[in-house]
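# Attaching a predicted model along with its sequence, questions to come.
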Protein chains: 2
Amino acid sequence: MANQLGFAALADDTRRTIFERAARRPSSVGKLAEDLDVTRPAVSQHLKVLLRAGLVVQRREGSRCIYQVDPRGVQAMREYLDRFWDRALSAFKLAAEQEDM
Amino acid sequence: MANQLGFAALADDTRRTIFERAARRPSSVGKLAEDLDVTRPAVSQHLKVLLRAGLVVQRREGSRCIYQVDPRGVQAMREYLDRFWDRALSAFKLAAEQEDM
DNA sequence: CGCATTCGTAAGTGAATACTTACGGTAAGC
DNA sequence: GCTTACCGTAAGTATTCACTTACGAATGCG
């Protein structure tokens, strides 16, 4: 859930902005689309991607749809990345040590 | 240096594989392309993206070009992500507290 | 010098994707 | 019931992007 999808979901500028807005406060689609140089349907599609990546959750409130960050997905993504960097750096250090010999 | 470029650089499967190989040991382009289902020029192009993201560095060795992980870039990317997740989660918690009142 | 190795890049192609407009469907207010 | 607000999705388009083949430049070796 938190690997390829997560990277791809946050690789887009507009989508990352939407995610950060949803993190600031749970908001409706129309609210998230305000002052954003893309149309509301575009925001809907971006939210769909963030949903599939497990980074946000949705909740109906009357006729509006509220999106907010899913802390579990964020946590999972964060842990995956920590392991990712750890592997990269530990392998690098190992290679550096072998270089010295 | 470590934001949009970093996300986009690691969003691609092939590129992430190449990065992990370069992390395991400094390698030439041809070595990185071995047993990879893309051609060597494709690997060259991927390395260019990783370079611009500051995740790897290159060094000439005779006629070969050795690529290895840049720990500074990795560290910078990691710190950027830590702040990114922290902002997202802290805003969520703040919103959750206001919800309780 | 001739030839092989290694690499980067230009040019072209097909697929993914970010975006738009148009439309239908559901909930709220009169 | 009718209109309005809010939203998701289908369809189409333009751009991005990952990939290939073809070529030229730089290094090493005989």
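Yep, it's here.
# and the residue nearest to A:Pro26 when sequence neighbours are not counted, what are its bridge partners?
Excluding the flanking residues, the one nearest A:Pro26 by C-beta to C-beta, 6 or more residues apart in numbering or on different chains is A:Gln68, at 3.6 Å. From N, CA and C alone the C-beta is placed, and that goes for glycine too. Judged by DSSP bridges, the bridge partners of A:Gln68 are A:Val57.
# What are the boundaries of the strands in chain A?
Along chain A, counting by DSSP state E, strands occupy A:27-28, A:56-61, A:64-69.
# Any chance of TSV for those, columns mean pLDDT and mean neighbour count?
Converted to TSV, those look like this (pLDDT from 0 to 100; neighbours: other C-beta atoms under 10 Å in any protein chain shown):
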stretch	mean pLDDT	mean neighbour count
strand A:27-28	96	17
strand A:56-61	96	14
strand A:64-69	96	19
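# I'd like these as JSON lines, with distance to B:Ala96 appended.
Converted to JSON lines, the strands of chain A look like this (distance: least, C-beta to C-beta, whole Å):
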{"stretch": "strand A:27-28", "distance to B:Ala96": "15"}
{"stretch": "strand A:56-61", "distance to B:Ala96": "13"}
{"stretch": "strand A:64-69", "distance to B:Ala96": "9"}
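# What separation is there between the residue nearest to A:Pro26 and DNA strand D?
12 Å (C-beta to the nearest atom of the strand, to the nearest Å).
# One more: A:Arg72?
In terms of C-beta to the nearest atom of the strand, A:Arg72 sits 20 Å off from DNA strand D.
# mind listing what's buried in the helix ranked longest in chain A?
Longest helix in chain A, counting residues (DSSP state H): helix A:71-100. Buried residues in helix A:71-100, counted by 16 or more other C-beta atoms under 10 Å in any protein chain shown: A:71, A:73-74, A:76-78, A:81, A:84-85, A:88-89, A:91-92, A:95.
# and the two most separated of those residues?
A:Pro71 and A:Ala95 (36.0 Å; C-beta to C-beta).
# coming back round to it: now do the longest helix of chain A against helix B:71-100, angle only.
For helix A:71-100 against helix B:71-100, the angle by axes from the mean of the first three to the mean of the last three C-alpha atoms, to 10 degrees is 160 degrees.
# so what does helix A:71-100 touch, helix or strand wise?
Helices and strands touching helix A:71-100, by 3 or more C-beta pairs under 8 Å, 6 or more residues apart in numbering or on different chains; DSSP states H and E, are helix B:13-24, strand B:64-69, helix B:71-100.
# Convert the second one to PDB, retaining C-alpha atoms only.
Think strand B:64-69. Provided in PDB are the C-alpha atoms of strand B:64-69 (Å, rounded to 0.1, in the frame of the first residue of the first chain):
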ATOM      1  CA  ARG B  64      33.700   3.900 -17.500                       C
ATOM      2  CA  CYS B  65      31.500   6.100 -15.400                       C
ATOM      3  CA  ILE B  66      30.900   5.000 -11.800                       C
ATOM      4  CA  TYR B  67      27.700   6.000 -10.100                       C
ATOM      5  CA  GLN B  68      27.200   5.900  -6.300                       C
ATOM      6  CA  VAL B  69      24.700   7.200  -3.800                       C
END
